[in-house]
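Novice: below are the sequence and a predicted model for it; my questions follow.
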Amino acid sequence: MKARLGIAPIAWWNDDLAELSDDVSLEECLRQASVAGFTGMETGRRFPMDMAELGPILSKFGVSVCGGWFSGLLLDGDIEVEKDRIAQQMAFFKAAKAPCIVYGETARSVQGVKSAPLATKPRLTEAETAAYGRKISDFADWCAANGMPISYHHHMAAAIETEAELDLFMQHSTVPLLFDAGHMAFAGGDNLRVIDTHWKRITHVHTKDIRRAVVDGLDRSRESFLDAVVKGAFTVPGDGSLDFEAIVKALAGKGYEGWFVVEAEQDPKVSPPLEMAIKGHKELMRVMAAAGYEVVH
């Protein structure tokens with residue numbers, strides 16, 4: 001089985017909290033990712049959305065586009081409007097030969113609101129989840145038919161956060177799933193059970209780790225998702241509390257092949273991005289070997 005290792009630029013530049021950013025250029029970010037051993041990077045705010053401009057820069061560092069976030073609004077929005085909103089990114093990602101667009105539902109989400117406690121996240125009834133599932137399934141089908149699949153990112157402080165919410169959403173939708181170990185652990189879910197339940201739909205993996213003591217010490221009635229990030233709730237594999245050998249072996253056991261992307265936002269002054277990238281890559285290489293994956297470029 002084959003795996004590819006990527007990283008997200010959120011360790012260098014945080015799009016939700018600009019103060020948690022290392023003031024480096026796109027080229028320096030890609031250089032550091034390449035030095036750490038990664039061959040893929042998800043897009044971020046300093047990426048030009050044009051392969052004529054970006055292509056030569058990626059080639060210089062031996063890196064390809066392995067995904068990237070789209071802030072979806074389908075929960076409350078119109079599907080035709082969302083098609084227009086995602087069109088430019090779809091064209092760019094097709095040109096970049098990216099595997100998928102990461103769909104993150106931001107309607108009603110409090111993930112980017114520093115003053116909004118985690119406990120104020122949106123909650124959907126089963127009927128609302130069913131309606132939303134139908135809508136996003138239609139959108140996902142349209143994206144795939146137009147040559148660029150999406151992968152749905154369950155996320156802290158968003159409508160689909162907990163394991164129970166994900167189970168219900170998956171029951172009422174046909175959308176491909178992005179499995180994020182850190183977000184599911186933060187939400188109190190069982191990562192191995194989620195893999196066992198939803199493996200047939202997992203098309204992209206974020207290997208985000210958590211610092212359990214930080215997560216467990218949060219006052220969710222007062223502290224926000226961004227407060228948690230500032231405190232260091234997230235980190236790279238090998239630096240946190242999750243057993244990535246067990247997680248990766250579970251995915252291998254279900255036949256998952258594709259990208260494993262380190263996406264770990266934290267304070268770059270406390271956790272220097274290059275140092276963290278090297279640590280995360282080393283741990284992933286260890287667990288990939290233990291799980292029987294061949295890491296390819």
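Specialist: Perfect, I can see it now.
Novice: tally of neighbours for the nearest residue to V236 once chain neighbours are set aside?
Specialist: Closest residue to V236 apart from its sequence neighbours, by CB to CB, 6 or more residues apart in numbering: G280 at 3.2 Å. For glycine as for every other residue, the C-beta is placed from the backbone atoms N, C-alpha and C. Other residues lying near G280 total 29 when counted by other CB atoms under 10 Å.
Novice: now do the SS call for G280.
Specialist: helix (DSSP: H, G, I helix; E, B strand; the rest coil).
Novice: quick one: the closest residue to S115 other than its chain neighbours and K114, what's the gap?
Specialist: Nearest residue to S115, sequence neighbours excluded (CB to CB, 6+ apart): S224, at 6.6 Å. Distance from S224 to K114, counting by CB to CB, to the nearest Å: 5 Å.
Novice: now for the residue nearest to V236: which residues touch it?
Specialist: I7, A36, T207, V236, P237, G238, D239, V262, A264 (CB atoms under 8 Å, 6 or more residues apart in numbering).
Novice: now do it, the pLDDT please.
Specialist: Note for G280: predicted pLDDT of 98.
Novice: that one and V248, how far apart?
Specialist: 13 Å.
Novice: before we move on, what about I160?
Specialist: Counting by CB to CB, the gap from I160 to V248 is 23 Å.
Novice: could you do R31 as well?
Specialist: Distance of R31 to V248, computed by CB to CB: 27 Å.
Novice: which of those two has more neighbours?
Specialist: Per other CB under 10 Å, whichever of R31 and V248 has more neighbours is V248, with 28 against 16.
Novice: am I right that A18 is in a strand?
Specialist: No: using three-state DSSP, the assignment for A18 is coil, not a strand.
Novice: the residue nearest to S115 bridge partners, please.
Specialist: P117 (DSSP bridges).
Novice: run through the residues that contact it.
Specialist: Here S224 is in contact with V110, V113, K114, S115, A116, P117, L118, A157 (CB under 8 Å, 6+ apart).
Novice: what's the pLDDT at it?
Specialist: Confidence score, pLDDT, at S224: 98.
Novice: and the gap between it and A185?
Specialist: Counting by CB to CB, the gap from S224 to A185 is 18 Å.
Novice: partner residues bridging the spatially most central residue of the chain?
Specialist: Residue closest to the average C-alpha location in the chain (CA atoms, centre = their mean): H206, at 4.9 Å. Beta-bridge partners of H206, counted by DSSP bridges, are D180, V261.
Novice: wait, isn't it in contact with F179?
Specialist: Yes: counting by CB atoms under 8 Å, F179 is a contact partner of H206 at 7.2 Å.
Novice: where exactly do the helices run in the stretch 1-150 of the chain?
Specialist: Secondary structure of the stretch 1-150 of the chain, counting by DSSP state H, counting those that start in this stretch: helices at 26-36, 51-61, 79-95, 126-145.
Novice: and among those, the most buried is which?
Specialist: helix 26-36 (a mean of 19; mean count of other CB atoms under 10 Å).
Novice: contacting residues around that one?
Specialist: 7, 9, 12-13, 24, 41, 44, 46-47, 57-58, 60-63, 273-274, 277-278, 280-281.
Novice: how about the strands in the stretch 101-250 of the chain?
Specialist: 101-105, 150-153, 177-180, 202-206, 209-210, 234-235 (DSSP state E, counting those that start in this stretch).
Novice: can you count the residues close to the residue nearest to D167 when sequence neighbours are not counted?
Specialist: Counting by CB to CB, 6+ apart, D167 lies nearest to T197, which is 6.7 Å off, once chain neighbours are set aside. Using other CB under 10 Å, T197 has 14 neighbouring residues.
Novice: doesn't Q171 make contact with T197?
Specialist: No: distance between T197 and Q171: 10.2 Å, which falls outside the contact criterion (CB under 8 Å).
Novice: just checking, L75 touches R108?
Specialist: Yes: with contacts counted by CB under 8 Å, L75 reaches R108, the gap being 6.1 Å.
Novice: can you check which residues contact both of the two?
Specialist: In contact with both L75 and R108: P122, A159, using CB under 8 Å, 6+ apart.
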